[in-house]
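Asker: need a 3D model of the sequence below.
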Amino acid sequence: MSGLRRFLRSAAYRSGVLSIARSRNRHALTVIMLHRVLDPADPDFAHADPTFTLSVPIFEQLLGFIQRHYAVIGLRDVMRACDGTGTLPDHALLITFDDGWADNLRHAAPLLRDRGLPAVVFAVPDAILSPGDSWWQEDMFAAVRAGVLHPATDDGDTLPSLNLLARVAQLDAPKRAEFLATLPGRPCHARMMLTPDELPQLAAYGIDVGLHGYTHVPLTLLPDVATELTRASQAVAALSAGTATTTALGCPHGLYNDTVIAGAHAAGVKLIFTSDPHLNRTQAGGLTPARPIGRINVVGRQIEAAPHRLDPSAAARWLWARDCR
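Answerer: Residues are numbered from 1 along each chain as shown. Reported below is the predicted structural model:
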C-alpha cells in the first residue's frame, strides 16, 4: 500500500469516518479466526505459515484494539443467543483458534487471562495425540508452500493440497511415514501441538474447547461426516477431562456443504463455524438457530504498520469492511 493511502486510512480511522461501517454493523456478531501465536524470538517463528501466524506483540496489540471497539463474549454466550436463552450485546466479538497449537497455551492464553477475555480452541485430536514434535500435516503444507511438493491435479480439481491431505490421512501408519520421509527436513525446535496433558489446562484460562474434526481432513471430502465428528466428540471430551463443548464445531479448512451440516447435526453438533469471512447479523441480540456462523481470518501482514506493530486503521478496515449476513 502506498504511503498516501495508508495516511488517508489512518486519518479516516482517527477522525471516526471508518467507524461508520462499525456503527452500521453494531447488531452483528464478529468472529475472528486465529491459529498460531509465536514470539518472534522463537526459532520456529520464521518457518511458521505467515497467513496463519501472529507474533506475540501483534496479538497483544490486537487484543487492546478489540477491547476498545468490541464486547468480547464466550462460546456459551453464542450458544444461548442461538437457542433463545440469552442475547448478545452490540458489537459482540468471539475469539477462536483452530487446530490446538501448543503456542495457544504458551503465549495466547496468559495474555487473554490478563485481560479477562474468553476464547475457544477448536481442537484436532489426531494432532494432539501425535507422538512427534512436528505435525505431519504442517510438514506437508510447508513443503507445498516451499514449492518442493506439487500435488497432482485433475481436471476440475480446485483443492489439490486438500485432496492430497485426504489421501495421505487415509494411509496406514507405515505408508504415511514412507510418504512423509520423502519431504525435505524442516526445523522444529519445540512440539507444535498441545499434548493430551495440556488440553485440559485451557479451561483455567477461560478458554473453551470445541470440535475441529478428528483428522483435520475437510469434512466435504469424507464419506461419513457423522462418524468423523462422533469420533472427534468422544476424543475431545476425554482429552479435555470433560470440559469441552462438543456441540460446537469449527469446520476444518472452513469447508462445508448441506451434507456436512446434516452429518454434523446427526453427530449432536448444534453450532457450526465456517471460514466464510462475513459478520453475523443478530436480531434483538439473537442469532438464527442452526445457521452456520462466519469467521474472519486475521492475517498479520494485513494489520501491521511495521513488523510486530499493529496498524489500528488497518485492523479496523480488515474487520469492519465486511458483509453482514
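Asker: so what's Phe122 closest to, chain neighbours aside?
Answerer: Distance criterion Cβ to Cβ, 6 or more residues apart in numbering; nearest residue to Phe122, sequence neighbours excluded, is Gly250 at 3.3 Å. C-beta coordinates here come from the backbone N, C-alpha and C atoms, glycine included.
Asker: I figured the one you found hits Val209, correct?
Answerer: No. Contact between Gly250 and Val209 fails when scored by Cβ atoms under 8 Å: they sit 10.7 Å apart.
Asker: between these two, which contacts overlap?
Answerer: Phe122 (Cβ atoms under 8 Å, 6 or more residues apart in numbering).
Asker: one step back: contact partners for the residue nearest to Phe122?
Answerer: Gly250 sits next to Met33, Thr96, Asp98, Phe122, Gly210, Leu211, His212, Phe273, Arg295 when contact means Cβ under 8 Å, 6+ apart.
Asker: return the member of the residues you listed nearest to Thr243.
Answerer: Minimum separation from Thr243 among those (Cβ to Cβ) is found for Gly210, which lies at 11.0 Å.
Asker: please name the bridge partners of that closest one.
Answerer: Taking DSSP bridges, one obtains Phe122 as the residues bridged to Gly210.
Asker: and if you look at Val31?
Answerer: When bridges are assigned using DSSP bridges, the partners listed for Val31 are Leu94.
Asker: my guess is it contacts Asn297. True?
Answerer: No. With contacts counted by Cβ under 8 Å, Val31 stays clear of Asn297, the gap being 10.3 Å.
Asker: which one of the two is surrounded by more residues?
Answerer: Comparing Val31 with Asn297 by neighbour count (other Cβ atoms under 10 Å), the higher total belongs to Val31, at 23 against 16.
Asker: what about that one, distance to Thr227?
Answerer: Shown here: Val31 relative to Thr227, a distance of 27 Å by Cβ to Cβ, to the nearest Å.
Asker: one more: Ser313?
Answerer: Applying Cβ to Cβ, one obtains 47 Å for the distance of Ser313 from Thr227.
Asker: give me the more crowded residue out of the two.
Answerer: For Ser313 versus Thr227, the count of surrounding residues by other Cβ under 10 Å is larger for Ser313: 20 against 14.
Asker: and that one, what element?
Answerer: Under the criterion of DSSP states H and E, Ser313 resides in helix 312-320.
Asker: what do you get for Leu117?
Answerer: For Leu117, there is no enclosing helix or strand under DSSP H and E.
Asker: with Arg231 instead?
Answerer: Counting by DSSP H and E, the element that carries Arg231 is helix 225-239.
Asker: which residues does that helix contact?
Answerer: Helix 225-239 is touched from outside by 123, 125, 128-129, 196, 199-200, 209-215, 217, 219, 222, 244, 246, 249, 259-260, 262-264, 266-269, with contacts defined as Cβ under 8 Å, 6+ apart.
Asker: just the buried residues of those residues.
Answerer: 123, 125, 128, 199-200, 209-215, 217, 219, 222, 244, 246, 249, 260, 263-264, 267, 269 (16 or more other Cβ atoms under 10 Å).
Asker: now, these that are in helices?
Answerer: Per DSSP state H, helices hold the following members of the buried ones among the contacts of helix 225-239: Pro125, Ile128, Val260, Gly263, Ala264.
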